[in-house]
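Q: Give me the fold of what follows.
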Amino acid sequence: MIETIENDLLTVKIDTLGAELLSVKNKETNREYIWDRHTDAWNKSSPILFPNIGALKNGKFTYNGKEYTGEKHGFAKNREFKVVNKEKAKISFNLTWDNESYVNYPFKFDLTLTYILNGNALTLNYVIKNEDDKTIYFALGAHPAFMGKNESLTGEKMGFNAGSKLVLSDVNLDTGCFKDSKTDLECDDSGCVEIKYHTFDNDAYVFENNQVKSVTLFEEDKSFVKVDFNAPIVGIWSPIGRDNPFVCIEPWYGIADKDSFTGDITERNEEQHLDVGGVFDESIKISFYML
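A: Here you go, the predicted model:
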């Protein structure tokens with residue numbers, strides 16, 4: 001079911017399936033900012049990544065000596081969320097553990113995703129509660145895809161709130177996991193990098209260790225989207241060989257497995273955890289600008 005919130009500037013549509021952001025439109029210009037799936041480049045627009053991000057090494061993990069299987073980016077993106085509160089410019093979606101989720105994810109959780117419109121900004125607030133009698137482990141990420149108005153963002157720029165030198169984590173294209181190696185990334189004097197046709201040939205640009213706290217996408221040298229976050233990691237991605245019809249900006253609390261990962265979820269790099277009764281409460285803010 002599609003739900004709508006709005007204010008004087010923007011109209012936002014969200015699917016209860018995965019609580020997935022489907023559309024953000026400027027009311028004055030009718031500009032669509034979110035990838036609308038009008039080609040087969042990607043069949044998603046903004047999936048929630050939970051309880052894991054990216055690939056699991058060999059498609060599985062272990063907990064207390066028992067093996068569990070899982071899919072890329074977790075299961076929440078394919079689950080129906082309940083609407084638990086709705087106002088004109090604000091809506092909350094909830095997903096809670098059940099017997100089905102517990103089979104391959106042995107933790108009891110309660111997840112609420114709230115979308116809040118304020119002026120030209122949309123805030124996504126994620127609250128996870130530990131409903132278990134033990135510590136729970138998880139990763140959480142956003143994956144919004146921002147669409148270029150000219151069917152391509154090739155030749156445009158992405159800007160960072162960092163210095164001129166950044167470090168990328170290298171992806172193993174064969175496994176989908178991360179290598180132990182890193183690659184330096186040079187930005188221009190304004191902290192920007194040009195988006196080229198082959199920019200994402202080696203998969204996502206992934207910045208770990210709190211290097212980046214905001215990402216801006218430009219068209220014709222003017223910013224049209226800016227994402228601000230506190231997440232320690234951010235991935236930036238567009239599909240290979242598609243001329244960048246959209247670019248995803250993905251704040252992550254967690255990361256895909258490394259090739260060297262042993263499989264124990266309690267030892268996964270950047271894994272989040274909540275003690276009994278604990279609450280995770282984090283937000284990302286997406287600002288939309290009129291060109």
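Q: name the element N94 belongs to?
A: With elements taken from DSSP states H and E, the one containing N94 is strand 90-96.
Q: need the next SSE after the helix or strand where F224 lies, C-terminal direction.
A: F224 belongs to strand 222-229 when elements are defined using DSSP H and E. Tracing the chain past strand 222-229, the next element assigned as helix or strand by DSSP H and E is strand 233-237.
Q: tilt between the next helix or strand after that following strand and strand 233-237?
A: Tracing the chain C-terminally past strand 233-237 and defining elements by DSSP H and E, one meets strand 246-253 next. Taking axes from the mean of the first three to the mean of the last three C-alpha atoms, to 10 degrees, one finds that strand 246-253 is oriented at 160 degrees with respect to strand 233-237.
Q: Give the other helices and strands that strand 246-253 contacts.
A: Strand 246-253 is packed against strand 140-141, strand 145-147, strand 214-219, strand 222-229, strand 233-237, strand 279-288, with contacts defined by 3 or more C-beta pairs under 8 Å, 6 or more residues apart in numbering; DSSP states H and E. For glycine as for every other residue, the C-beta is placed from the backbone atoms N, C-alpha and C.
Q: List the neighbours of that strand that are in contact with it.
A: The contact list for strand 246-253, computed with C-beta atoms under 8 Å, 6 or more residues apart in numbering, reads 35, 41-42, 49, 53, 139-148, 153, 158, 195, 204, 215, 217, 225, 227, 229, 231-238, 270, 272, 280, 282, 284.
Q: Could I get the buried residue list for the helix or strand following it?
A: Toward the C-terminus, strand 246-253 is succeeded by strand 272-274 as the next helix or strand (DSSP H and E). Neighbour-count burial for strand 272-274, counted by 16 or more other C-beta atoms under 10 Å, picks out 272, 274.
Q: Now that G59 has come up, it's in contact with E67, right?
A: No. Checked against C-beta atoms under 8 Å, the pair G59 and E67 is beyond contact range at 10.3 Å.
Q: tell me, what's touching the two both at once?
A: By the contact definition C-beta under 8 Å, 6+ apart, G59 and E67 are jointly contacted by no residue.
Q: Thanks again, I'm all set now.
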